[in-house]
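Peer 1: Here is my input; please provide its structure:
(one chain, ligands or ions: 2)
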Amino acid sequence: MLVVGLTGGIATGKSTVSSSLKSRQIPIIDADILAREVVQPGTRGLAQIVDYFGSSVLLADGSLDRRKLGSIIFSDEVKRKKLNSIIHPAVTRAIFWNIVRCWIRGEKICIVDVPLLIEGGLWKWVGRVVVVYCSTEIQLQRLMKRDNSSREEASARLNSQLPISQKVEYADIVIENSGSLKDLEAQVSFSLTKIERELGWSWRISWLFPPFGVLSALSVLAWRALKRKGPPARRT
Ligand SMILES: CC(C)(COP(=O)(O)OP(=O)(O)OC[C@H]1O[C@@H](n2cnc3c(N)ncnc32)[C@H](O)[C@@H]1O)[C@@H](O)C(=O)NCCC(=O)NCCS
Ligand SMILES: Nc1ncnc2c1ncn2[C@@H]1O[C@H](COP(=O)(O)OP(=O)(O)OP(=O)(O)O)[C@@H](O)[C@H]1O
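Peer 2: Ligands and ions are numbered 1, 2, ... in the order given. Have a look, this model is predicted:
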C-alpha cells in the first residue's frame, strides 16, 4: 500500500482535493477531523487544554470554543506550540492506526491529509508528498470568504504555517489550484493516474506477503528519513 501525504497551505484546497479523491473511493485519513476527535468532551486532550488555557476556552456545554482558542493561538507562537504539543502526538497515533486499518483492508493507496505535514516532519514517513498550491493572495481571499474572517485574522493563520512557496519544495507532485474547480478536478485525475501507474503491482505482493511489505516499507522509510535532511528536489 502506498501512503500519500496530502498537504498545502491553509485554504489552498486540501479538503476540496480530499473530497474529490473520496468520491473516487480512495480512503482518506483527515488530520483536522482526528484533531477534533482528540479534544472531545471527556478526553485527556481537552483536560490538558483547560489546564493550560483555562476554562474560558470552553463553551457552556463543556465543548471546546474553537473560535476563541484559534484567536489565542494564531497570534501567539508560544501558546500555539503548547497546543501542538498536546494535540499532535495523539493525532499522529490516530493516523498510524488508521493507516494500519487501511493496510489490513488491502487498500492500494491511502491518503493522509495533514495541513502541517512538512512542519511536523511527517513528510519523511510517507511514500509520496502531494502539495496543493495557490498564490498567497488567492489563499487569503478564499480563507476570508470561507471563514467570514478579516484580513488580519486570515493573515495570522496563514503566517502560523510554513509559506506555501517553501512547502512545494518538498513535493513529489504539486497540484496547482489557482484556477477553477474544473481545472482542479482534471489535475486530481492526472495525479492519481500518475501515482497508480508508478505503483504498479508491488502493492499486491506487499499485501499477500506481509513480511515483504513490512521490510520494503521500513527500508524505504528509513532511507528517506536518514537521507532527507532538507527538502528534496521536486520531481514533477
Ligand atoms: C485552534 C483550533 C481549535 C481552531 O479550530 P478551527 O475549527 O477554527 O480550525 P480547524 O481545526 O478547522 O483548522 C483549520 C486549518 O487551520 C490550520 N491550523 C490548525 N491548527 C494549526 C496550527 N497549530 N498551526 C498552524 N496551522 C494550523 C490548518 O491549515 C487547518 O486545516 C484548531 O485548529 C486546533 O485545534 N489546532 C491545533 C491542532 C492542529 O495542529 N491541527 C492541524 C492538523 S493536525
Ligand atoms: N479552485 C477553486 N475555486 C474556487 N474556490 C475554491 C477552489 N478550491 C477551493 N476553493 C474554496 O476555497 C476554500 C478553501 O478550500 P479548502 O477548504 O478545500 O482548503 P483547505 O486547504 O482544506 O483549508 P484548511 O487548511 O483550512 O483545511 C473553500 O471554501 C473552497 O470551497
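Peer 1: quick one: furthest residue from the center of the chain?
Peer 2: Distance to the chain centre peaks in the chain at A60, reaching 30.4 Å (criterion: Cα atoms, centre = their mean).
Peer 1: Tell me how far it lies from ligand 1.
Peer 2: When distance is defined by Cβ to the nearest ligand atom, to the nearest Å, A60 is 17 Å away from ligand 1. Just so you know, the C-beta spots here come from the backbone N, C-alpha and C atoms, and that holds for glycine as well.
Peer 1: Look up phi and psi at that residue.
Peer 2: phi -60, psi -30 (degrees, to the nearest 10).
Peer 1: Please, where are all the helices along the chain?
Peer 2: For the chain, applying DSSP state H gives helices covering 14-22, 31-37, 44-53, 66-73, 77-104, 136-147, 151-159, 164-167, 181-199, 202-208, 210-227.
Peer 1: pLDDT score for the closest residue in space to V132 that isn't next to it in sequence?
Peer 2: Nearest-residue entry for V132: G8, 3.5 Å, with adjacent residues in sequence omitted and distances by Cβ to Cβ, 6 or more residues apart in numbering. If you check G8, the pLDDT there is 96.
Peer 1: pretty sure G8 is touching S165, no?
Peer 2: No. G8 lies out of contact with S165 (Cβ atoms under 8 Å); the separation is 11.7 Å.
Peer 1: Have a look at those two and say which one is more surrounded.
Peer 2: G8 (28 against 11; other Cβ atoms under 10 Å).
Peer 1: Let me know whether I95 touches I33 as I believe.
Peer 2: No. Here I95 lies out of contact with I33, judged by Cβ under 8 Å, at a distance of 10.8 Å.
Peer 1: Comparing the two, which shows the higher neighbour count?
Peer 2: The neighbour comparison of I95 against I33 (other Cβ under 10 Å) goes to I95, with 22 against 12.
Peer 1: Please name the residues that touch the residue nearest to E77 when sequence neighbours are not counted.
Peer 2: Leaving out its chain neighbours, the residue that sits closest to E77 by Cβ to Cβ, 6+ apart is S160, at 7.6 Å. Contact analysis of S160 by Cβ atoms under 8 Å, 6 or more residues apart in numbering lists 73-74, 77, 80.
Peer 1: any idea which of the residues you listed is closest to ligand 2?
Peer 2: Of all those, ligand 2 sits closest to F74, with 11.7 Å by Cβ to the nearest ligand atom.
Peer 1: Perfect, I'm done here.
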